[in-house]
Every structure is written in C-alpha cells, then in structure tokens.
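J.: here are the coordinates; sequence isn't available:
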Ligand code: E4P
C-alpha cells in the first residue's frame, strides 16, 4: 500500500532527527501526561524517601520515577514505622530489618532502571565484613537493589568486595573530590555503574557552595572509564535541581516536596545562558589522578562522620 511505503520511508528519518535533537538538548524527551507537557531531563530522577505511597504519588505526578534512595533516617520516618512507634511499640533488630525489607519490596516495582538504593546500618566501628553480611541479605530484597555503603575506609573495603561479587552499589555521604576519587578507584572494574552520592545541601549548611562538588567530580570523572556516576544528593531547592541538570549529573535524588515544586513551575530545564547560582564559599577543583589506589586519597571528612552519627541515632530511635 502506498500509505504504508510512505510511512516506512519517513519513519527512519524522523527517528534520526529526534536522535539529533536529543543530543543537542538537555532533555531526553517531552512526555504528555494528562494533557500537560512535561520535560524529562537526561539526569535520572530518583525519589529521596522511605514511603512507597509517596513514590506512587510522585510517579503519578511525573509519569515516571527512575529510581529511589532510602537511608536509615528516611526509613525511621516511614508513616507505618512512625505509627508503630507512636503506639509504644519499639522494634527488635530482626523486626527493623523486616520492616525495611517490606518498604524496599513495595518501592522496587514502582521505579525504573536506576533501582532502589538500600543502606547498610553502620557506625564508625562497623567492619567491612559486617557491612557485607548485611548487604548480602539486603541485595536479595529486590532485583533492582543498589547497596549503599558509607564513604569510610571500611565502607570502601566493603564496596570493593561487593563489586568483585558483581553487586550494584552506591557510596553515600561523599563530601569531597578526594572521597569521590577514592570511590572511583575502589570500584574500578565494576560490571555495573557505581553511584557516587554527593551531598550538596549539607555542604551548603556549613557555608560551602555544595554544587561546586558536583561540577568538580563531573569534570574529574570525564577523564575516567565511565563506571562511576554522579548522584547528586541532599538537594533542597529548585536551584539545586536545575543546576544538577545543567552540570550533567547522571542521577539526582530529590525529596518529594522539591519535585512537587518543580512540577508546579512547569518542570523547567536550564535553558540557554543558564548559570548556577553560587552560594557559599567556592570549592576549588583538585587535579587528582584516577589511576591511584583508593587508600592514597584523603577520605576523612567531618560531615561523613556526622552523617553516620545521625543515621545511627535515627535508627536507634526505632529500636527497643
Ligand atoms: C540520599 O541518598 C541521601 O541520604 C539524602 O539525599 C540526604 O539528604 P539530606 O541531607 O537532606 O538528609
């Protein structure tokens, strides 16, 4: 049929044109949801939370959710767990693990290929072996699980062992370029992408320009082999989000309230001439070789320590 021939000949050209447009714009695609035009950025959108109902709401709002990150504080804030605690019931460790598993199992099918990140419970004394034992159990909770380890020496040892076992991982509580370089080096050879969670908002909190870290690590990873991806975390504002799109962060994890605001504003993307708003003291770029072994980098950071302490405190609040 002539109509069919016509359609067949024009379709590849339309597809080529769309591919060219995609390469030029910071947009993966434009989607139509309930009669509204929504931009879908190249940066993967992850929900930063611990409540599957919230993930469902955001998925309905955006039309998609690429992934989800959870952590001990977010899990302690899950409405079901809060209700249990309010009724005077504290959890035993196995019950806590079971509640976390149920949350992860509920979130897992709601998200796309960026998966659901599940964090091991650790304090400054937890060994790599102890983290790995938890990771083995948690990894079985969902077919798209990413195991989150803290950016400490023990966390990196566990991360190194995990990539050798073929696990997907996310190294969290990263606040410096040296830490990001160490994650890169410890996970070299990983068969799956390794997420490096850079905490923007908490750097802002201590007077730095947290977004500089995203920019610096992107620049540093540009000379690498591509196995480590920037996951912009601790995002608190629309400016944070737009700047992460602008800097080309591969992933961004965002609280529901910031995603609500983004959609309310018409899901904007950084247009031509967009500039990230600088806040706080600039973080200078460091020239670091990614060929070094991870132990040679300075991975100490006061915020990594404080972050772990806060996770432990929130986790302990739920325990009997
Ligand atoms: C994500 O993985 C982090 O745990 C999260 O973004 C931390 O955000 P906060 O600094 O707002 O607690």
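T.: Received, thanks. No experiment lies behind these values; they were computed from the predicted model shown.

J.: Validate this expectation: residue 148 resides in a strand.
T.: Yes. Counting by DSSP: H, G, I helix; E, B strand; the rest coil, residue 148 is found in a strand.

J.: if I pick it, what's in contact with it?
T.: By CB atoms under 8 Å, 6 or more residues apart in numbering, the contact set of residue 148 is 69, 71, 117, 118, 119, 120, 169, 170, 171, 172, 197. Yep, even glycine has a C-beta here, placed from its N, CA and C like the rest.

J.: One more: residue 49?
T.: Here residue 49 is in contact with 55, 68, 70, 74, 255, 256 (criterion: CB under 8 Å, 6+ apart).

J.: And the strands in the stretch 1-150 of the chain?
T.: 27-33, 36-41, 44-48, 67-69, 115-119, 145-150 (DSSP state E, counting those that start in this stretch).

J.: Same check on the stretch 201-320 of the chain?
T.: Counting by DSSP E, counting those that start in this stretch, the strands of the stretch 201-320 of the chain are 228-233, 251-254.

J.: okay if I get those as CSV plus mean pLDDT?
T.: As requested, these are exported to CSV (pLDDT from 0 to 100):
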stretch, mean pLDDT
strand 228-233, 98
strand 251-254, 98
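
J.: of all those strands, which lies closest to residue 306?
T.: strand 228-233 (15.1 Å; CB to CB).

J.: helices or strands next to that closest one in the packing?
T.: helix 177-186, strand 194-199, helix 211-221, strand 251-254 (3 or more CB pairs under 8 Å, 6 or more residues apart in numbering; DSSP states H and E).

J.: what's the spacing between residue 218 and residue 186?
T.: For residue 218, the distance to residue 186 equals 19 Å [CB to CB, to the nearest Å].

J.: between these two, which one's more packed in?
T.: Set side by side, residue 218 and residue 186 show more neighbours around residue 186, with 29 against 19, by other CB atoms under 10 Å.

J.: ok, residues contacting stretch 231-244?
T.: With CB under 8 Å, 6+ apart, stretch 231-244 has contacts from 43, 46, 48, 69, 170, 172, 195-204, 210-211, 214, 249-255, 258, 261-262, 265, 268-270, 274, 276-277.

J.: What ranges does the stretch 51-200 of the chain have for its helices?
T.: For the stretch 51-200 of the chain, the helices defined by DSSP state H, counting those that start in this stretch cover 52-62, 72-76, 79-86, 93-107, 128-139, 153-164, 177-186, 200-205.

J.: how far out from the middle of the chain is the shortest one?
T.: What it means is helix 72-76. Averaging C-alpha positions (CA atoms, centre = their mean, to the nearest Å) puts helix 72-76 15 Å from its chain's average.

J.: How about the residues of this protein by the ligand?
T.: Applying CB under 6 Å from any ligand atom, we find that the chain lies next to the ligand at 48, 69, 71, 172, 197, 199, 201, 202, 233, 234, 253.

J.: Swap in 5 Å and give it another go.
T.: Taking CB under 5 Å from any ligand atom as the contact definition, the chain meets the ligand at 48, 69, 71, 197, 201, 202, 233, 234, 253.

J.: Check the spacing between the second one and residue 207 real quick.
T.: In this structure, residue 69 and residue 207 are 25 Å apart, going by CB to CB.

J.: Which one's more surrounded, the two?
T.: residue 69 (27 against 10).

J.: Could you tell me which residues make contact with that one?
T.: 46, 47, 48, 116, 117, 148, 170, 197, 231, 233, 253.

J.: Straight-line length of stretch 246-266, end to end?
T.: Stretch 246-266 has an end-to-end distance of 17 Å (criterion: CA to CA, to the nearest Å).
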